[in-house]
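Colleague: Whatever this is, show me its structure:
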Amino acid sequence: PAAAASTAHTDEAEHDELPKRVRVPAAVLQDAKVQWAPVRRAMLVPTLTLPGEVMPDPDKSGRVSSPVAGRIEQVTFKEGAVVKKGDPLAVVRVPDLGRIRGAYAAATSRARAARTNAERLKALVDQRLAASQAYLDAQAEAESFDAESRALGEQLRAMGAGNGAASDYLLPLRAPVSGVVVHRDAVVGQPVTADQTLGSVADLQEAWFIGRVFEKDLGRLRLGARAEVELNAYPHERFEGSIQYLGQQIDPVARTVTARIVLTNRENMLRLGLFGQARVAIGEDAGGAPSLVVPRSALTEVAGKPVVFVHHPDDDFELHEVVLGASAPGQVEVTAGLREGEEVVTSGVFTLKSVVLKSTLAEDE
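Modeller: Numbering: from 1, shown residues only. Have a look, this model is predicted:
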């Protein structure tokens, strides 16, 4: 591979189809945080491939449902909408709600009157103008009404209802968490029950990739192992993460356990249910000879070909078309197009690519 790389690199004619060099103002380089590092030979870490799919974090997702049966009066949320925890999403008309609110108001009034009466009798007992038993009976009655009022209040709070008027039969349904509405199954006039899901909300800033580990491979994995996820929907993108949890129970049919990999939702690309595969590092040495390795962040595509940008001492950047080999989490082998020691841009590649594309358009004009 080293000889092939050297031969390919000396034949610079292969880069003639694209602008070979670009120069970017220093201020732009600083703003784009363009960085580079020398290419080195290294051993690629062996990996294990796990099929799986994207799932929400259950601690950052929730369902929208009514605690009691009723009929939908109003719906104010749509799929894709961004909501905050506690935002009103729908209103349900609950026939029993007015009755409970009326009972709560009545119990509260009786408790207040009984407490006032007990205090009056206490003053008379202190003046020896009333029997102490009358005071004790009034105090017990006040405590009974207080307990009834608290119980009805707890029932209203459990239903998510506020202290509205006794004739108010409307129950607001609120967002259980902050995030994006990923599902809605609610229309005005629809009857609902307590076990019915009207929608779901999930915080998708991070998501889980749940990989399947076959029983025979379980002993090769470890918590914290680096992983690189490729989704079927984005064959040229990679999402980096690490194994944060390995399942404790074997699926009796598939003979697999789950491996949880937390992914950052870069540019809102992740969608729940997307299938793909994760390449998980399983060792430190794959055997064989070291090869030229670059960070995956150094790679991009121009005119449908993989390329990297090489930094020169005069602060020019040269576009190199490369031939890729094996890959590991965060790293890719380069079999042709680079020499050891050349400084490859590892951060800010998109900015340099934009300059190349602008130059190409200018030439076409």
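Colleague: and the residue nearest to Asp251 when sequence neighbours are not counted, bridged to which residues?
Modeller: For Asp251, ignoring the flanking residues on the chain, the nearest one in space by CB to CB, 6 or more residues apart in numbering is Val257 at 7.1 Å. Every C-beta, even on glycine, is put in place using the N, C-alpha and C of the backbone. With DSSP bridges as the criterion, Val257 is bridged to Val213.
Colleague: Please look at Val257 and Val213 and confirm they touch.
Modeller: Yes - counting by CB atoms under 8 Å, Val257 touches Val213, with 5.1 Å between them.
Colleague: When those two are compared, which one has more neighbours?
Modeller: Comparing Val257 with Val213 by other CB atoms under 10 Å, the one with more neighbours is Val213, at 25 against 19.
Colleague: Next, find the distance separating that one from Gly247.
Modeller: Relative to Gly247, Val213 is positioned 8 Å away (criterion: CB to CB, to the nearest Å).
Colleague: do Tyr234 as well
Modeller: 26 Å.
Colleague: next one: Arg271
Modeller: Taken as CB to CB, the span from Arg271 to Gly247 is 23 Å.
Colleague: which residues sit in contact with Val92?
Modeller: For Val92, the contact set (CB atoms under 8 Å, 6 or more residues apart in numbering) comprises Ser66, Gly70, Arg71, Ile72, Glu73, Leu170, Leu171, Leu173, Val192.
Colleague: Make sure the fifth one is indeed in a strand.
Modeller: Yes - counting by DSSP: H, G, I helix; E, B strand; the rest coil, Glu73 is found in a strand.
Colleague: which residues are common contacts for Val257 and Val213?
Modeller: With CB under 8 Å, 6+ apart, Val257 and Val213 have common neighbours Leu246, Gly247.
Colleague: pLDDT below threshold where in the chain?
Modeller: 1-19, 96, 98-99, 155, 157-167, 283-289, 359-365 (pLDDT under 70).
Colleague: again, 50 this time
Modeller: 1-16, 165-167, 286-287, 361-365 (pLDDT under 50).
Colleague: So which residues of it form helices?
Modeller: 2-10, 26-31, 95-126, 132-158, 349-364 (DSSP state H).
Colleague: Compare the ones you listed and give me the one nearest Pro56.
Modeller: helix 132-158 (25.8 Å; CB to CB).
Colleague: Ser297 - how many residues pack around it?
Modeller: 18.
Colleague: isn't it right next to Phe350, touching?
Modeller: No - look at Ser297 against Phe350 with CB under 8 Å: they stay out of range, at 10.0 Å.
Colleague: Could you find the closest non-adjacent residue to Ala259?
Modeller: Gly211 (4.3 Å).
Colleague: From Ser327, how far off is the one you found?
Modeller: From Gly211 to Ser327 the distance is 17 Å (CB to CB).
Colleague: Check Thr108 too.
Modeller: To Ser327, Thr108 is 68 Å away according to CB to CB.
Colleague: so what's the closest residue to Asp195 other than its chain neighbours bridging to?
Modeller: Spatial nearest neighbour of Asp195, chain neighbours left out: Ser65 (7.7 Å); criterion: CB to CB, 6+ apart. When bridges are called by DSSP bridges, Ser65 pairs up with Thr197.
Colleague: can you pull the contacts of Ser65?
Modeller: Counting by CB under 8 Å, 6+ apart, Ser65 has contacts Leu173, Val192, Ala194, Asp195, Gln196, Thr197, Leu198.
Colleague: re earlier: more neighbours, Gly211 and Ser327?
Modeller: Comparing Gly211 with Ser327 by other CB under 10 Å, the one with more neighbours is Gly211, at 27 against 17.
Colleague: Could you check how far the residue nearest to Lys60 when sequence neighbours are not counted is from Leu246?
Modeller: Spatial nearest neighbour of Lys60, excluding adjacent residues (CB to CB, 6+ apart): Asp203 at 3.9 Å. Distance of Asp203 to Leu246, given as CB to CB: 24 Å.
Colleague: and Pro290, how many residues sit next to it?
Modeller: The number of residues near Pro290, taken as other CB under 10 Å, comes to 15.
Colleague: same deal with Gly62?
Modeller: 19.
Colleague: again, but for Glu301
Modeller: There are 10 residues near Glu301, going by other CB under 10 Å.
Colleague: ok, now which ones touch it?
Modeller: His236, Val307.
Colleague: Distance-wise, check Ser66 relative to Gln196.
Modeller: On the measure of CB to CB, Ser66 and Gln196 end up 7 Å apart.
Colleague: Neighbour count for those two, which is higher?
Modeller: For Ser66 and Gln196, the more surrounded residue by other CB under 10 Å is Ser66, and the numbers stand at 23 against 15.
Colleague: residues contacting the most centrally placed residue in the chain?
Modeller: Among the residues of the chain, the one closest to the centroid is Glu206, at 2.4 Å (CA atoms, centre = their mean). Counting by CB under 8 Å, 6+ apart, Glu206 makes contact with Asp57, Lys60, Val262, Leu263, Thr264, Asn265.
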